[in-house]
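Asks: Next comes the sequence, and after it the predicted model I'd like to discuss.
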Amino acid sequence: MRQKRIAKRRLILECIDEMRQEIEKIAKEIGFDLVGFTPANVEDKYTNRFFDWLEKGKEAEMQYMRERKSRQDLKKILPGAKTVIVLGINYYREQSPLEEGHGRVARYAYGRDYHKIIGKKLRKLENYIRDVHKGKTKAYVDTGPLLEKALAEQAGLGRIGKNSCLITKYFGSWTFLAEIITDLEISDKKKNSDTPFNICGNCKICMEACPTGAIEEPGVIDCNRCISYLTIENKKEIPASFKNMISRTKTVFGCDICQEVCPHNKARQKTNEHPELKDPIAGDSISLKKIKEIKSDEQFLNIFAGSPLMRAKRSGLQRNAKILED
Ligand code: B12
Ligand code: SF4
Ligand code: SF4
């Protein structure tokens, strides 16, 4: 009897393993570079950190970050959720040297908005899971209340560094993240070590290199000080105390500094091979004169439609460019 039970259990485990391998294979064919599986619950150590961060007001004006419940319990998003399939896509590219009179654009915003590119790939994988395995699914790519880096770390895609980015083994932190929550029970029980930031050891290079001191503690970003937040998400005037610091970085949209200095990235970064990421819209940098001369929202749309720069709107981009000109 016991022997029979063990044999049955072994068979189930083999089936789960096979299903995981098959989904991983399809995901890679669709164009994902990294695939991992984790149970559909976020460990307390992450949610506690997240609540702490909110309580201290580190999210600045990003109201949408205050949605707490579903970040903790994914069954509130998909009833019966059992597994999160975490996916990664390398987006690294070498940048051309910055020309005089130009402002730097962060690498993630070089071409077409990754939400659109990855969204399409997610739909393909969801269709496969629904049709072949009859699983319910709900997909995200930076589009909902998930702790994506926490889930990626749980799924074994990489480790969170002191710069708070998820650093993967093959591409460093130059990796977009996306998730499919499903009611299929296919999670992988392999776990990362519990020691936080052990990928960093005693290194603090990113904390020291951040021009505005936004990495307050290992893994904790104060958005009120972060150039990425100030130049993308922030809708207001940029506080005078940060203007000089931003001007020195010559950044007009986003910020890559705490990733560029990371020794893990230097050892792992390789130019991505995704054709969809190669068409420039904003490019590596934009002429400040060109930004200044945009006279209407319509003209702005004509130039930047489909690009992550739409998030800052014309007013935000012109505000940023003005800081570099002054
Ligand atoms: C809000 C947000 C921002 C904000 C805040 C950034 C931040 N670090 O929180 C701003 C606008 C500043 C930002 C900037 C950028 N972002 Co952003 N952002 C997000 C978003 C929507 C939510 C992140 C979040 O929940 N923050 C809240 C904090 C509290 O959570 P956390 O950062 O995950 O921190 C966890 C860990 O660090 C850990 N932790 C922290 N301290 C400790 C200590 C101990 C002891 C332990 C155990 C754990 C622990 O627990 C925390 C809670 O889970 C995610 C998408 C998503 N839904 O997850 C994208 C996301 C994080 N962003 C992304 C990117 C690409 C960027 C930029 C690189 C863009 C750019 N070039 O300008 C920068 C990077 C700046 C940086 N160093 O983080 C990617 C990151 C991919 C990766 N490989 O890490 C994501 C995942 C989007 C995506 N789908 O690809 N972003
Ligand atoms: S993105 Fe830039 S400003 Fe923000 S923490 Fe990193 S280095 Fe600092
Ligand atoms: S620069 Fe150093 S401290 Fe920062 S994430 Fe990389 S290894 Fe960790």
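Replies: Okay, I see it. Ligands and ions are numbered 1, 2, ... in the order given.

Asks: Near residue 301, how many other residues are there?
Replies: Counted with other C-beta atoms under 10 Å, residues neighbouring residue 301 total 14. The way it works is simple: take the backbone N, C-alpha and C, and place the C-beta from them, glycine included.

Asks: any weak-confidence spans in the stretch 1-150 of the chain?
Replies: 1 (pLDDT under 70).

Asks: residue boundaries of the strands in it?
Replies: Ranges of strands within the stretch 1-150 of the chain are 34-39, 83-90, 102-105, 137-140, based on DSSP state E, counting those that start in this stretch.

Asks: of all those strands, which lies closest to residue 313?
Replies: Closest of these to residue 313 is strand 102-105, at 15.4 Å (criterion: C-beta to C-beta).

Asks: since we're on residue 54, how many residues are nearby?
Replies: 14.

Asks: can you check residue 83 too?
Replies: Residue 83: 24 surrounding residues under other C-beta under 10 Å.

Asks: Okay, and the beta partners of it?
Replies: On the basis of DSSP bridges, residue 83 is bridged to residue 39, residue 182.

Asks: Check which helix or strand residue 289 maps to.
Replies: Using DSSP states H and E, residue 289 sits in helix 288-292.

Asks: For residue 312, which of the strands of the stretch 1-150 of the chain is the nearest?
Replies: strand 102-105 (10.8 Å).

Asks: was I right about residue 310 contacting residue 304?
Replies: Yes - here residue 310 reaches residue 304: they are 5.7 Å apart, a contact under C-beta atoms under 8 Å.

Asks: Between these two, which has more neighbouring residues?
Replies: Between residue 310 and residue 304, residue 304 has the larger neighbour count (other C-beta under 10 Å), namely 22 against 16.

Asks: wait, that one sits on residue 281?
Replies: Yes - here residue 304 reaches residue 281: they are 6.2 Å apart, a contact under C-beta under 8 Å.
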